[in-house]
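Trainee: Test case, fold it:
(chains A, B and C)
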Amino acid sequence: MLQLEKSTYRELNGYVVRTVRLSKEPFLIGFRYDEGGQQLQVDVKGQVTDEQLSEAEQLVRHMFSTDVDLSQFYRHAAEDCHLAPLTNQFAGVRMVRDPDLFECLVKTVISQQLNLAFAGTLTKRLIALAGDTLEAEGKTWRVFPTPEQVAKLRYEQLQQLQFNRRKAEYIIDIARKIVDGALDLDSLWNMADEEVVATLTRVRGVGRWTAECLLLFGMGRPDLLPAADIGLRNAVRRVYKLDRQPTETEVRNIGSAWSPWSSYATFYLWESLG
DNA sequence: TACCAGGATATGG
DNA sequence: CCATATCATGGT
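Mentor: Have a look, this model is predicted:
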C-alpha cells in the first residue's frame, strides 16, 4: 500500500484514511490489511447507516481492486524477463483507484505536464478553496469538492492558486458541463475503453493521456497502455535497459506483450520509478 | 541558467 | 498535416 497521494491520504492510528462521500454525505474512512495481509479492513468514522457502511466496503474494494487476481498477472509477467523482477519487488501491490470519477478527472487534468509534487500542491489548494470540511477524530478534514462546488468558481480564483489560465478554464468548464448535463461521467461505465477515450477527448482539456488515466485510476480498466506518458517511457527505458527514452510507438510495441495486463504492467513500471 | 515535469491546445506554415 | 510556442512553478 504505497505511493498514496499526500494530497488525499493520511495515516491515522494504523489506518490509512481519507474522506469520501457515501450517499452524497462526507465521511472519513480508514482501511488497512489484517495481519495476514489478506483481508482488507474498512472502518467508517462517525455515525453511519448499515447502507452507508456497505457502500463504504464496496467503495474500498473498488479502490483497492481486491477482486483482481494478481497471481494471473504475475504468471503473465513471468514470461517477460524485464518485467518479471518488478513483480517480485512489488509483490502484492495493487493499483489504488480514486473512489470518484470527477475527482480522478480533475486531479489528472491538474497533473498534466507538471511534476507530481507541484500537482499535489495545486490539488490541495483546490480542495481547500472549494471542498467541504468534516470534523472527525478530533480533527478537521477536507473533502474533495463536488462538480457543483467547482462549477461555482471563477477562473481567476484558480489563477490565484497558481493554476495557469487554461488549466483553470479546463477544470471549471468540466465541472460546469457535468452540472448542466453535457458530460455524464457515470455513463462511461457502460463503454468500451476506446469509446471512453473518444467521449472524453471531445472535452476541452482532455487528451488521450488524460482519458487513459481516468480509465486506469478512475475506472480500473485492466488493459490500458498510456504509451505517450513520460513517466512510463522513462521507466521502460530503465527496466528494458534502452540507451535513450523510447518513443510512444516503441513503448506500444514493447507493451503489446503485456496485454491483457497492460494496466498492471504500467502501474508496476511507474512504481519502479520510486 | 536552462530545461524538464505522469499534456493539451492555439497558431502558423 | 506537422512544428512550435505557451502555460506556472518546483526540481535538478
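Trainee: from what I can see A:L40 touches A:V16, true?
Mentor: No: checked against CB atoms under 8 Å, the pair A:L40 and A:V16 is beyond contact range at 10.7 Å. No exception for glycine: its C-beta is placed from N, CA and C like everyone else's.
Trainee: what about the closest residue to DNA strand C within the stretch 151-274 of chain A, neighbour count?
Mentor: Closest to DNA strand C within the stretch 151-274 of chain A is A:N164: 2.5 Å, counting by CB to the nearest atom of the strand. Using other CB atoms under 10 Å, A:N164 has 13 other residues around it.
Trainee: How far does the helix or strand hosting A:V20 sit from its chain's centre?
Mentor: Using DSSP states H and E, A:V20 sits within strand A:15-22. Chain-centre distance of strand A:15-22: 14 Å, with CA atoms, centre = their mean, to the nearest Å.
Trainee: Same question for stretch A:112-123.
Mentor: 14 Å.
Trainee: Identify the residues contacting the closest residue to A:M95 other than its chain neighbours.
Mentor: What sits nearest to A:M95 in space, not counting adjacent residues and going by CB to CB, 6 or more residues apart in numbering, is A:F267, at 5.0 Å. Taking CB atoms under 8 Å, 6 or more residues apart in numbering, we find A:F267 in contact with A:93, A:95, A:216.
Trainee: Around A:A77, how many other residues sit close by?
Mentor: By other CB under 10 Å, neighbour count at A:A77 equals 23.
Trainee: pLDDT of the next helix or strand after the strand holding A:V20, averaged?
Mentor: For strand A:15-22, the following helix or strand on the C-terminal side (DSSP H and E) is strand A:25-33. The average pLDDT within strand A:25-33 is 93.
Trainee: Show me what the strand holding A:V20 is packed up against.
Mentor: strand A:10-12, strand A:25-33, helix A:50-63 (3 or more CB pairs under 8 Å, 6 or more residues apart in numbering; DSSP states H and E).
Trainee: got those as CSV, with distance to DNA strand C and mean neighbour count columns?
Mentor: Below are the helices and strands packed on strand A:15-22 laid out as CSV (distance: least, CB to the nearest atom of the strand, whole Å; neighbours: other CB atoms under 10 Å):
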stretch, distance to DNA strand C, mean neighbour count
strand A:10-12, 20, 14
strand A:25-33, 28, 20
helix A:50-63, 28, 16
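Trainee: any chance of these in TSV, with distance to A:E137 too?
Mentor: Formatted as TSV, those follow (distance: least, CB to CB, whole Å):
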stretch	distance to A:E137
strand A:10-12	7
strand A:25-33	7
helix A:50-63	16
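Trainee: just so I know, which of the ones you listed lies nearest DNA strand B?
Mentor: helix A:50-63 (15.0 Å).
Trainee: just the CA coordinates of the closest one, formatted as CSV?
Mentor: Output of helix A:50-63 as CSV, limited to C-alpha atoms (Å, rounded to 0.1, in the frame of the first residue of the first chain):
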residue,chain,number,x,y,z
ASP,A,50,-25.9,0.0,7.5
GLU,A,51,-26.4,1.0,4.0
GLN,A,52,-23.6,3.6,4.1
LEU,A,53,-21.3,1.0,5.7
SER,A,54,-21.9,-1.5,3.0
GLU,A,55,-21.4,1.3,0.4
ALA,A,56,-18.1,2.1,2.1
GLU,A,57,-17.0,-1.5,1.9
GLN,A,58,-17.9,-1.7,-1.7
LEU,A,59,-16.1,1.5,-2.4
VAL,A,60,-12.9,0.4,-0.7
ARG,A,61,-13.0,-3.0,-2.6
HIS,A,62,-13.2,-0.9,-5.7
MET,A,63,-10.4,1.4,-4.7
